[in-house]
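Peer 1: Turn this into a model:
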Amino acid sequence: MPGEQLRVLPIARSRAGHARLFSTSCSLADTRPLGTRHYVESFCRENQSPVWALLDTLKSPAGRLRIEAALIESRISVEEFTTWAPAIIHSDIEKAVAKLEQLGYPISEESKESPSNPIPSWVILYLVIYKVRTTAHAEGPLVNLVFYHLDSAPPEIQGPLLVLTAYRLARHNLLIPLRRVVEAFLNTPLSDQENEFNLFLQALSSAPFRSVEGANNVVSILKAMEARQLKLRSQTYQSLLNDRFVTLQLTKYLHAKMVQEGFVPSAAHLESFLRVFSKNGAIHEARKYFTAIHAISQDAPLTADSSADPRFRANTLMLNAHEDKASAFAFLRRLAQLSAPSDAAIASPKAQRREVRFLTRTKDDVYDQTAALHVAANDLSTSTHKLIQAFLKMSAKPTIATHTVLIRGLLFRKQFQKAEVFWTKLAKSSLVMDKEALTAGVQTFIRNGKPHVAFQTLEKYSLKPGQEPHIRLPDLSPPVKITTVSMNEYLVSFKRISRPDIVFRLWDYMDVLYDVRPNAVTLSILLQSARLATTLDDSLSGAIAQFKLYNPLSRRDSSPPSNEIDNGTTSSSRAKARALAVRAITDAIGTPQHGLRAYGASIWRRQLPLDFARLAFLRALFGMDPTRRLDGVQSPAAAVRASYDGDASASALGLASLRPRPFVFTPPADLRPPPGGGDSYYPSVVVTNANCFNYITLLGVGGRAAEIPLVLAWMRELGLQPSESTLAVALVFWAEVSVQAPLVERWNGGPGRNEYAKLVEWIADWVGKKRVPGERTLQKWRGVVSSMRKPAR
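Peer 2: This is a model prediction of the structure:
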């Protein structure tokens, strides 16, 4: 089989007397260390265990020629290595774990390794370092194997094992299982605390995008380091300041940490600070770091490549911080003036405090021109004509990024046809397609009323699961890796053209199509799309679709469920599953060959939009609760009617009941994954306040406001802090189903004792009286709720 080329030969002795394990043509399965190499080298350098030398040796075919010496140095016998070779030869960790189970090791979520017969730690480390290929490998076999072995691993191995596991989970944004790793790391005695804490933080910072959960994990580690008086290292600061990962609040925290520890930042650190503050529009903070970069770099020699000089990069970053074209060009003029040597500086060369001399590129520099175009594109006072002219008159040759800035500027101005013209020209050029350009192109076709062309474009350029990323197809750029951020952009565009049916299908199939997992933002888009679909389907076509749904004689949905479509293990089964997913989307949206298919209804998986999105939300929420605390939570208030336009609850005699009936939650049968399937169906989703807000509005618009108090109670149990908007919209919807007629209110003791007042009192006990929304806020949200109910078309 491919990837299983290791042939363990009978042990023979060479002339030198050493055991010869393999023929020189043999190799272990492909071991691409990727990002783990940094960690292995660090542990090899600072950890006294010789096992790291062996693991480093196994990383390449050339190193494996020295394996005999590495085994001797690591005090691992030839017999031991030969015993475990059948497990480590496999191409991925899933197959390796299956082999270990065949050898009698019951690896699962619940089981623990027997101390009397453990798997050697070098085997576990080898699989963690080299054999985790996909998100499925990380969330399943990796987590099970590590926690199966952790307690029986030597003390000096436990910390590094958790560091490497955190890296693998963070890289795939698997936030739910990462919680368990963070908790285990904080409770594990470490043999080299400062090194392992720093490497753990670097592992966390490898997440593909920022999130509240990621920042919270970092803060918990930083607080533990502070309690143990451990210092951050330069590389750790650099990793945490990664623009893809860091939040503005965490950036300020790290700045205070530097001051506290007396750490002197380098130009690279200052550039990271500048990038974060400029991207967030904090221009005054950004200016401080911009000046500091030029100050500490002014004695550095100029290089041929201006992009390698931190001063030039700082100029571009600072230019991007401006919000309008006028201030941006004023900055460029000022920078040009400051770059010239002043008379004062020439007259007093011995001044104790030197004046900072700012360095600028030539006027033909494409980086600064692209940055200036970016500012103009984001400034709506710049007309479409002037924006296009600025692009066409650039003296430097535009890059792929320059084209993308223009197209996004046109999209921002709703000039969808012009955006399509320029993207088509870009696609026909010799420029190599990248993620940002492809995203802009897909958005352009969707917003221009051609979603079927958009999907075909996505299929043409995207990297598919199992496809090699660096193989360039004829007449095409290398395939582009689709990320969760890119997918969210596509979903928002489909929602904006009122195609929630496509959002539902991509939610189900993004994994099998592009190896993409949802995050909290994706869940919010799904909930918003379900709310949109609820209003769209309140029509004749929607009623017909619902009639077919409940008609026992109607033809059932032929699309296989997502939990059946993505479980193929062979390349042929994965290809078949992917073809089914593509067909499910093209059947709804059409193809360029057969034309666009208009929207019909958003019934998916034989479920109404609200029911489909509700199950997704509940799965994500209950997936955050491995100890099942939510099971015992009860609603703090009861509704008197099912929906805002419904009658009071009916009694057994058919008369309106004056007694409120609390909502009793009945968990769906498939709320949690089956045994062995992990804690959550969506391990990359940590539910946020924004998700709860969107879920509450979906319940309210969909006529299920009676469930809202229970949602708030779940938030309280999980420690999710609600925003004022969440509380206000919840109270507005709740008032519609909890307040009765004035006469009935008087019979029940007055308005102060009704179910609405009961929920208000409960909220005050939760967040404090000062945070309970006032009448002015509630009045604003009544207007918002009214607009939510208006038909989308």
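Peer 1: Which pLDDT does the model give the closest residue to Ala581 other than its chain neighbours?
Peer 2: Spatial nearest neighbour of Ala581, excluding adjacent residues (CB to CB, 6 or more residues apart in numbering): Tyr509 at 3.9 Å. C-beta: built from backbone N, CA, C; applies to glycine. Looking at Tyr509, its pLDDT is 97.
Peer 1: Now do Tyr509 against Ala371, distance only.
Peer 2: From Tyr509 across to Ala371, the span is 37 Å (CB to CB, to the nearest Å).
Peer 1: coming back round to it: please identify which helix or strand holds the residue nearest to Ala581.
Peer 2: helix 500-514 (DSSP states H and E).
Peer 1: Give me the helices and strands touching that helix, please.
Peer 2: helix 484-496, helix 520-536, helix 562-565, helix 571-589, helix 609-623 (3 or more CB pairs under 8 Å, 6 or more residues apart in numbering; DSSP states H and E).
Peer 1: same thing but 6 Å
Peer 2: helix 484-496, helix 520-536, helix 571-589 (3 or more CB pairs under 6 Å, 6 or more residues apart in numbering; DSSP states H and E).
Peer 1: can you list contacts of the second one?
Peer 2: I take that to be helix 520-536. Helix 520-536 is contacted from outside by 488, 491-492, 495, 500, 503, 507, 602, 609-610, 613, 616, 620, 685, 688, 690-691, 694-695, 698, 701-702, 791-792, using CB atoms under 6 Å, 6 or more residues apart in numbering.
Peer 1: List the buried residues in the host helix or strand of Ala203.
Peer 2: Counting by DSSP H and E, the element that carries Ala203 is helix 193-204. Across helix 193-204, burial judged by 16 or more other CB atoms under 10 Å covers 194-204.
Peer 1: Kindly report the same for stretch 711-718.
Peer 2: 711-716, 718.
Peer 1: now stretch 214-227
Peer 2: 214-215, 217-218, 221-222, 224-225.
Peer 1: again with stretch 384-394
Peer 2: For stretch 384-394, by 16+ other CB under 10 Å, it's 387-388, 390-391, 394.
Peer 1: Mark which of the contacts of helix 520-536 are buried, thanks.
Peer 2: By 16+ other CB under 10 Å, those give 488, 491-492, 495, 500, 503, 507, 602, 609-610, 613, 616, 620, 685, 688, 690-691, 694-695, 698, 701-702 as buried.
Peer 1: quick one on the thing from earlier: and the helices and strands packed on helix 500-514: which comes nearest Ala98?
Peer 2: helix 571-589 (16.4 Å; CB to CB).
Peer 1: how about that closest one: buried residues?
Peer 2: In helix 571-589, counting by 16+ other CB under 10 Å, buried: 574, 577-578, 580-582, 584-586, 588-589.
Peer 1: quick one: strands adjacent to the next helix-or-strand element following that helix?
Peer 2: Later in the chain than helix 571-589, the nearest helix or strand by DSSP H and E is strand 590-591. Taking DSSP bridges as the criterion, strand 590-591 forms sheet pairs with strand 595-596 (antiparallel).
Peer 1: Mind listing residues that contact the strand it pairs with?
Peer 2: 452, 590.
Peer 1: Same check on stretch 210-218?
Peer 2: Contacts for stretch 210-218 (CB under 6 Å, 6+ apart): 175, 182, 204, 207, 245, 247, 250, 686.
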